[in-house]
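In: Quick one, structure for this:
(one chain, ligands or ions: 2)
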Amino acid sequence: MEPMVEIKALSAHAGAAVTLQGWLYGKRSGGKVAFLLVRDGTGLCQCVVEAEAADAFARANELAQESSLQVTGTVRKDERAPGGYELLVTAVRPIQIAKDYPITRKAHGVDFLMNHRHLWFRTPRQTAILRVRHRLIRSMRAFFDDRGFTLVDTPILSPGAAEGAGTLFPVDFFDEQVYLAQTGQLYLEAAAMALGKVYCFGPTFRAEKSKTRRHLAEFWMIEPEIAFAELPDLAELAEAFITHLVGDILTHCRAELETLERDMAPLERIAPPFPRLTYSEAVDLLHSGEVHERLLSELERDRACLKQWQADLGRAEEERAAAKKGWRQDKLDRQILELRENIRELDVDLRNRPGHIENARHFAWGNDLGGDEETILSRHFDKPVIITEYPKDVKAFYMKPKPDDPRVVLNLDVIAPEGYGEIIGGSQREDDFDALIARMEQEQMDRAPYEWYLDLRRYGSVPHGGFGLGVERTVAWICGLRHIRETIPFPRMMGRMTP
Ligand code: 4AD
Ligand code: MG
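Out: Numbering: from 1, shown residues only. Ligands and ions are numbered 1, 2, ... in the order given. Model (predicted):
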């Protein structure tokens, strides 16, 4: 019996007979020869079945896309094959013959693909994203583990709000209303007073009624929390953390980034120091002529791009009308669908953008920086930018005001480049009992559920702080994805709960 090998290990078996097991990704037949494209989760292998191998040839012809199978044959080096090796087949053993697999080479819209998310995984693009996500999570944990942080798991069911009552998902807990956690932070602060440096990593939930390309209702967040840390320490840690993550992905996930056609140059530029500005400086930048000019010229450029796409679409549609049924027609259909989706999206964007540009120019100090402002700021720099000291009134109750300017808090947001927006939010915490009580009263918060949290200010309070990094937004940025929905295996967001 030939050894069972994984496709990624084929090169070690050149010239030998082996068996592969996996699924049929695609098939081409040319009369006297059939080419089976087999995937097994580690790679793709072209399997050549010649008509002389009569039994194998007959079975190969029965197989439809995504049938599961074993194939035996001899490994042969071939520069043209995906992976550089192919299999000259002697036997084909179907395991289950699939019929009418819904995701074909034909054009499919995003909604259709999202409804078939459980099957859509089986494409090189989606597996590349899942692998980057896996590696990213591994590097995130390694970063904190190697720096003496202790992982502390915080609860998912929680009695109250930490990030604003407006985004809580209620849950019935034995007839009592509780909520899904928006963050692990408050519990993590307790753990930091015991262990010094801690982090938590888990799913978090926000009932934000926003259907944007950046928002999920359920997302994963890693949050470090450190005793005896102040804002500059947090900024330094965030900078080192992001640099580590990008470096690690560039080292270990090049093939995946290539599959995703990610331009790696912007990632290769990520190194300390990151630009730092205060919220007030960010507002001045939004008001500046320099930014305004740039936005207007980008608007012109994108309007030209829209015209170009519309012309491309017209040409593709003409060609499609004249094309014969088959491979060429399918390819044109896919192109047309993609162009239509891109045009629709850019068109909406271009209609809204003049308004956003005006809003940015007249952005009033005191408002929170929203997605549009973040996009503008993040395009202005070619590295992540650290923005600190936001107005107290737009930030959470636990943030510590700046001692010599209490209108602002000692917080930081990190905005990813290339228009990706906020990936990290964090702050130094209010460590003074009376100040915290005063702020909670101002916010009309019910004190009872937070008595335990107040204990941390009663018994050995110290300056401390931390931040949270959103996994999905970071995956979207590193993979260069326009929309967050592909960064998580099964997204939960407004308007999407299945599969
Ligand atoms: O800025 P946020 O709300 O901060 C906190 O939750 C703090 N308690 C963290 C801390 O200090 N320990 O969220 C942190 C990050 C954001 O920067 C973003 O990357 C991500 O979590 N995030 C979301 N990602 C996807 N969908 C959403 N609806 C998100 N909301 C926040
Ligand atoms: Mg935030």
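
In: Just the residues contacting the lowest-mean-pLDDT helix or strand in the chain, thanks.
Out: Taking mean pLDDT, DSSP states H and E as the measure, the helices and strands of the chain show their lowest mean at helix 371-380, namely a mean of 90. Counting by C-beta atoms under 8 Å, 6 or more residues apart in numbering, the neighbours of helix 371-380 from elsewhere in the structure are 212, 214, 282, 285-286, 291, 294-295, 298, 356, 359-360, 363, 369, 385, 387, 415-422. (C-beta placed from N, C-alpha, C; glycine too.)

In: now, which of the residues you listed lie close to ligand 1?
Out: The overlap between the contacts of helix 371-380 and the neighbourhood of ligand 1 (criterion: C-beta under 6 Å from any ligand atom) consists of Glu422.

In: Buried subset of the contacts of helix 371-380 as a ChimeraX selection?
Out: When burial is assessed using 16 or more other C-beta atoms under 10 Å, the buried subset of these is captured in ChimeraX by this command:
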select :214,282,285,286,291,295,356,359,360,363,369,385,387,415,416,417,420,421,422
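
In: Okay, and which of the contacts of helix 371-380 map to strands?
Out: The strands, defined by DSSP state E, take in 385, 387, 415-416, 421-422 from the contacts of helix 371-380.

In: and the residues you listed as a markdown table, adding pLDDT and distance to Arg340?
Out: Below are the ones in strands among the contacts of helix 371-380 laid out as a markdown table (pLDDT from 0 to 100; distance: C-beta to C-beta, whole Å):
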| residue | pLDDT | distance to Arg340 |
| --- | --- | --- |
| Val385 | 97 | 34 |
| Ile387 | 98 | 37 |
| Ile415 | 97 | 31 |
| Ala416 | 97 | 28 |
| Gly421 | 92 | 26 |
| Glu422 | 96 | 30 |
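
In: For ligand 1, state which of the residues you listed is nearest.
Out: For these, the closest approach to ligand 1 (C-beta to the nearest ligand atom) belongs to Glu422, at 4.4 Å.

In: ok, that closest one touching Val414?
Out: Yes: in this structure Glu422 lies within contact range of Val414 using C-beta atoms under 8 Å: 7.1 Å.

In: Could I get the CA-only coordinates of stretch 271-288 as PDB?
Out: As requested, the backbone C-alpha atoms of stretch 271-288 are provided in PDB (Å, rounded to 0.1, in the frame of the first residue of the first chain):
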ATOM      1  CA  ALA A 271       8.100  49.800  12.000                       C
ATOM      2  CA  PRO A 272       8.400  52.100  15.000                       C
ATOM      3  CA  PRO A 273       8.000  55.000  15.500                       C
ATOM      4  CA  PHE A 274       4.300  55.400  14.600                       C
ATOM      5  CA  PRO A 275       3.100  58.900  14.100                       C
ATOM      6  CA  ARG A 276       1.400  60.200  17.300                       C
ATOM      7  CA  LEU A 277      -1.000  63.100  17.600                       C
ATOM      8  CA  THR A 278      -3.500  64.300  20.100                       C
ATOM      9  CA  TYR A 279      -7.200  64.400  19.200                       C
ATOM     10  CA  SER A 280      -6.900  68.300  19.000                       C
ATOM     11  CA  GLU A 281      -4.000  67.900  16.500                       C
ATOM     12  CA  ALA A 282      -6.100  65.400  14.500                       C
ATOM     13  CA  VAL A 283      -8.900  67.900  14.400                       C
ATOM     14  CA  ASP A 284      -6.500  70.600  13.100                       C
ATOM     15  CA  LEU A 285      -5.400  68.200  10.500                       C
ATOM     16  CA  LEU A 286      -8.900  67.600   9.400                       C
ATOM     17  CA  HIS A 287      -9.400  71.300   9.000                       C
ATOM     18  CA  SER A 288      -6.200  71.900   7.100                       C
END
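
In: Begin at 42 from now on, thanks
Out: Okay, using 42 as the starting number, the last item reads as stretch 312-329.

In: What residues sit buried inside that stretch?
Out: The neighbour-count check on stretch 312-329 (16+ other C-beta under 10 Å) flags 315, 318-321, 323-324, 326-327 as buried.

In: cool, stretch 145-156 as well?
Out: Using 16+ other C-beta under 10 Å as the burial criterion, the residues of stretch 145-156 that qualify are 148-149, 154-156.

In: Mind splitting the protein into its structural domains?
Out: For the chain, the domain assignment from automatic domain parsing gives the residue ranges 48-137, 159-316+422-528, 321-404.

In: Quick one: end-to-end distance for the last one.
Out: By that I understand domain 321-404. Using C-alpha to C-alpha, to the nearest Å, the end-to-end distance of domain 321-404 comes out at 11 Å.

In: Now do whichever helix or strand Gly288 is part of: everything it contacts.
Out: Element membership of Gly288 [criterion: DSSP states H and E] is helix 272-293. Outside of helix 272-293, the residues that reach it under the criterion C-beta under 8 Å, 6+ apart are 173, 176-177, 180-181, 183-184, 265, 267, 270, 298, 305, 308-309, 311-315, 317, 425, 427, 429, 451-453, 455, 464-465, 467-469, 506-508, 510, 515, 519.

In: Could you list which of the residues you listed belong to helices?
Out: Within the contacts of helix 272-293, residues falling in helices by DSSP state H are 173, 176-177, 180-181, 183-184, 298, 308-309, 515, 519.

In: If you drop the residues flanking it in sequence, what lies closest to Arg335?
Out: Residue nearest to Arg335 in three dimensions, not counting chain neighbours: His421, with 7.5 Å by C-beta to C-beta, 6 or more residues apart in numbering.

In: Now for the one you found, how many residues are close by?
Out: Neighbours of His421 under the rule other C-beta atoms under 10 Å: 19.

In: Just among the ones in helices among the contacts of helix 272-293, which is most surrounded?
Out: Ile519 (29 neighbours).

In: Look at the residue lying closest to it once chain neighbours are set aside and say how many residues are nearby.
Out: Counting by C-beta to C-beta, 6+ apart, Ile519 lies nearest to Ile290, which is 5.5 Å off, once chain neighbours are set aside. Ile290 is surrounded by 23 other residues when neighbours are defined as other C-beta under 10 Å.
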